[in-house]
Every structure is written in C-alpha cells, then in structure tokens.
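Visitor: mind looking at a prediction? Sequence and model below.
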Amino acid sequence: MRYAVIGDTHIPERAEKIPQRFIDMIKERAPDKIIATGDFTEPDTLNKITELGETIAVRGNMDEFELPAYKFFSDETAFVLVTHGTGIMPRGDTDTLVKIAKDAGANIIVTGHTHILEVKFVDGVLIVNPGSATGAWGGGGGSEKESMLFMHIEKNKVSLFMFEGDKSSKAVYKL
C-alpha cells in the first residue's frame with residue numbers, strides 16, 4: 001500500500017494553504033490513502049485533504065472539531081498507529097512513542113506535533129513524523145520548512161520518500 005503522510009497545517013492561523021506542489025505530488029502519485037496527523041485547525045482544511053483521496057485522520061491539540069485521538073490499522077506485516085502526539089512530553093519523545101506503539105501492538109507509529117520531519121527506527125518500531133506541510137511554526141519549535149512524505153509498505157519493507165523545503169530523500173526499513 002502507498003500512503004501520503006501530511007500534518008500540522010495550522011490553516012488559517014499560521015499558514016494560508018498547503019503548498020500546491022504537495023497537492024500536485026499527491027495527485028500525481030495517487031496514494032491508496034492519505035494519513036493526516038492533525039492540527040488542521042479548521043474542518044475545511046481536512047475537507048480539502050479528503051478531496052485528494054481516502055484519508056485516515058486524527059485530532060491535533062489545535063483541532064476543536066470531532067476526530068479520534070488515535071487510529072490503528074494493519075497493512076500486510078505492518079501494524080500502524082496514527083496519533084498527533086499531544087501530551088507526549090517532551091514533544092516527540094522517542095521512548096514514549098516506542099512504548100505507546102508497543103502497547104498498541106504497532107510496529108509503525110505515525111505522529112506529528114513537533115513540526116519536524118523525522119524518521120527513526122528504534123527497538124523494532126518505526127517512528128514517522130511528516131513535519132508541517134505548511135512550514136508553520138510550532139509551540140515547541142519546529143523546522144519552519146514545508147514538509148511531507150510518502151510511505152510505501154510492501155510485506156516487511158517500508159520505503160519512505162521525504163520532502164522538506166527544496167530537498168528530498170529516501171529511506172528503506174525492514175520490519
């Protein structure tokens with residue numbers, strides 16, 4: 001399965017819109033699903049994402065509309081937990097994310113909240129954070145660079161295609 005992973009847009013409070021190049025990339029790559037890690041801040045922003053494809057979305061700490069705090073799904077050999085990361089202190093704490101994933105039986109945790117594009121493989125858990133699609137500043141810092149990623153899961157292999165600012169990179173992990 002192929003996923004576009006996007007988060008922390010903060011529209012309209014901190015940014016005007018999702019960059020057109022990210023929208024074009026999602027349309028061109030036609031992922032099976034879009035994973036959205038929250039902090040849309042307005043339902044209209046989530047609606048624009050869902051217009052691009054079937055979306056798995058969770059609530060961020062800045063979202064004041066109805067969304068679940070967590071979503072869990074399986075994809076072949078991957079068991080994926082999606083959360084914004086609210087309440088994890090410090091933000092993006094690796095040990096806490098690994099514990100949450102393991103407690104849920106997940107080997108991949110997709111999270112947001114830090115506004116930093118980051119991928120780590122720790123103690124059998126792949127931690128995936130798309131950063132902020134709009135480059136919006138975050139309460140705990142952040143890179144302030146527009147970022148997102150695509151995640152392809154095939155059997156026990158996860159390929160990540162990451163985009164931050166004008167740079168791109170790829171990483172492959174075995175589960």
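Guide: That came in fine, so what should we check first?
Visitor: so what's residue 50 up against?
Guide: When the contact criterion is CB atoms under 8 Å, 6 or more residues apart in numbering, the partners of residue 50 are 34, 57. Every C-beta, even on glycine, is put in place using the N, C-alpha and C of the backbone.
Visitor: residue 148 falls within a helix, correct?
Guide: No - counting by DSSP: H, G, I helix; E, B strand; the rest coil, residue 148 falls outside a helix, being strand.
Visitor: same for the worst-scoring helix or strand of the chain on mean pLDDT, what does it pack against?
Guide: When the helices and strands of the chain are scored by mean pLDDT, DSSP states H and E, strand 70-75 comes last with a mean of 94. Packing partners of strand 70-75 (3 or more CB pairs under 8 Å, 6 or more residues apart in numbering; DSSP states H and E): strand 55-57, strand 78-83.
Visitor: which among those is found nearest to residue 1?
Guide: Smallest distance to residue 1 across these (CB to CB): 8.5 Å, for strand 78-83.
Visitor: on that earlier part again, let me know which of the helices and strands packed on strand 70-75 is tucked in deepest.
Guide: Counting by mean count of other CB atoms under 10 Å, strand 78-83 has the highest mean neighbour count of the helices and strands packed on strand 70-75, with a mean of 23.
Visitor: other SSEs contacting that one?
Guide: Checked by 3+ CB pairs under 8 Å, 6+ apart, strand 78-83 has strand 70-75, helix 94-104, strand 108-110 packed alongside it.
Visitor: the strands in this structure, which residues?
Guide: For the chain, applying DSSP state E gives strands covering 2-6, 33-36, 55-57, 70-75, 78-83, 108-110, 117-122, 125-130, 147-154, 157-164, 167-174.
Visitor: sweet, I'm off.
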